[in-house]
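coordinates only, sequence not included:
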Ligand code: ADE
Ligand code: ZN
């Protein structure tokens, strides 16, 4: 049974984390004051108390509201840097975070402002904390594909700052098949591709993400178990699933951690990884997710090592870069 220090010291990569989801209430209040934004909460404690969700949409409503305090390049730097400091404390050696540009362009904040702040922090993360990174630009699936295309076009002049595209936000009713053109355009630019699928949405959305969007990883994907043929394919192709245990229990994808299927998938041969998703909202960063799985599901040391290794081999690092951590 792996102790906390054992889990901390395992070299781990985090492949599913939304930067806007690492905005802690304390920083949120600081930025609100700095930018003169009025908040509908009296205190940090009152805000934290509001973090009780019964589904994904409940969470997204409060998450998009919180992101409204992010305005300047420095705000995006501070957000990203705070996350990287948490990573250093948790033994995270490599990160592939998402950012949601449309959340901010809708409020008049350019992608250049967002990207320069985020990139400057990621460069400092490499220089000062030895944490490597690759950034993923994620489209909001509750908005139209044309909006996603316009976002990609605004971002392409800043192409050197990100390596892949993703798809997130409200899943049910917004299937991957609606985003085929924008993924084709992204792949034609040499960008890599991932997508959220099978979190609240059905296994069919995972098939679509694989076949229509041609993604290399599925974010969440836990509802794959409803389709045994799909599970067979994920095993055969060793398609990584970036699973988020604390997120899944907070958003009631599983009623309790004891019900989570991550270790069952691991034992079946699916390439699963552990991730924090939106750590400021769901009760913990990467190490807390490992600890929660250990405590609820009796994870063994071998399973912990396998999950950490999967996070490295499922990453976008080159084989040479991965070899240093294996
Ligand atoms: N955006 C931030 N977190 C998300 C999640 N868990 N699912 C979909 N969109 C998200
Ligand atoms: Zn997510």
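That came through, no problem. Everything numeric here is computed off the predicted structure, so don't read it as measured data. Ligands and ions are numbered 1, 2, ... in the order given.

quick check on residue 166: phi, psi?
Note on residue 166: its backbone torsions stand at phi -140, psi 180 [degrees, to the nearest 10].

and it, bridged to which residues?
Note on residue 166: beta-bridge partners residue 138, judged by DSSP bridges.

how close does it get to residue 243?
With distances taken as Cβ to Cβ, to the nearest Å, residue 166 is found 15 Å from residue 243. Using the backbone N, CA and C atoms, a C-beta is placed for each residue, glycine as well.

more neighbours: which of the two?
Remark: of residue 166 and residue 243, residue 243 carries more neighbours, 29 against 25, as counted by other Cβ atoms under 10 Å.

contacts only, for the closest residue to residue 113 other than its chain neighbours.
Spatial nearest neighbour of residue 113, chain neighbours left out: residue 73 (5.2 Å); criterion: Cβ to Cβ, 6 or more residues apart in numbering. Contacts were defined as Cβ atoms under 8 Å, 6 or more residues apart in numbering; by that measure residue 73 touches 113, 116-117, 120.

for residue 229, same thing?
Counting by Cβ under 8 Å, 6+ apart, residue 229 has no contacts.

strands along the stretch 1-150 of the chain, start to end?
Ranges of strands in the stretch 1-150 of the chain, per DSSP state E, counting those that start in this stretch, are 12-14, 92-95, 98-99, 132-133, 136-140.

show me what from the stretch 1-150 of the chain comes close to ligand 1.
Within the stretch 1-150 of the chain, the positions adjacent to ligand 1 are 18, 21, 56 by Cβ under 6 Å from any ligand atom.

ok, which stretches of the stretch 51-200 of the chain are helices?
56-67, 73-90, 101-105, 111-129, 145-155, 180-188 (DSSP state H, counting those that start in this stretch).

of all these, which lies closest to residue 13?
Residue 13 lies closest to helix 73-90 among the helices of the stretch 51-200 of the chain, at 9.8 Å (Cβ to Cβ).

buried ones in the closest one?
73, 75-84, 86-87, 90 (16 or more other Cβ atoms under 10 Å).

out of these, which one sits closest to residue 209?
residue 83 (25.7 Å).

so where is the protein shaky, pLDDT-wise?
Judged by pLDDT under 70, the chain has no weakly predicted residues.

can you confirm residue 293 is in a helix?
Yes. Counting by DSSP: H, G, I helix; E, B strand; the rest coil, residue 293 is found in a helix.

residue of the stretch 1-150 of the chain closest to ligand 1, please.
At 4.2 Å from ligand 1, residue 18 is the closest residue in the stretch 1-150 of the chain, using Cβ to the nearest ligand atom.

on that earlier part again, the strands of the stretch 1-150 of the chain into CSV, with extra columns for mean neighbour count?
Shown next, in CSV, are those (neighbours: other Cβ atoms under 10 Å):
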stretch, mean neighbour count
strand 12-14, 29
strand 92-95, 24
strand 98-99, 25
strand 132-133, 20
strand 136-140, 26
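
just give the number of residues close to residue 302.
By other Cβ under 10 Å, 9 other residues sit near residue 302.

list the contacts for the residue of the stretch 101-250 of the chain found nearest ligand 1?
Using Cβ to the nearest ligand atom, the single residue of the stretch 101-250 of the chain nearest to ligand 1 is residue 168, 3.5 Å away. Residues near residue 168 by Cβ under 8 Å, 6+ apart: 18, 98, 100, 138-141, 196, 219.

of those, closest to residue 61?
Distance to residue 61, by Cβ to Cβ, is smallest for residue 140 among these, at 13.3 Å.

would CSV of the helices of the stretch 51-200 of the chain with distance to residue 225 be doable?
Putting the helices of the stretch 51-200 of the chain into CSV (distance: least, Cβ to Cβ, whole Å) gives the following:
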stretch, distance to residue 225
helix 56-67, 18
helix 73-90, 28
helix 101-105, 31
helix 111-129, 35
helix 145-155, 29
helix 180-188, 25
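
out of the ones you listed, which gets nearest to residue 39?
It's helix 56-67; of these, that one is closest to residue 39 (Cβ to Cβ) at 8.9 Å.

which parts of the closest one are buried?
Neighbour-count burial for helix 56-67, counted by 16+ other Cβ under 10 Å, picks out 56, 59-60, 63-64, 66-67.

near ligand 1, which residues of the stretch 151-300 of the chain?
Neighbours of ligand 1 within the stretch 151-300 of the chain, by Cβ under 6 Å from any ligand atom: 168-169, 196, 199, 247, 277-278.

tell me which two of the residues you listed sit farthest apart.
169 and 247 (14.0 Å).
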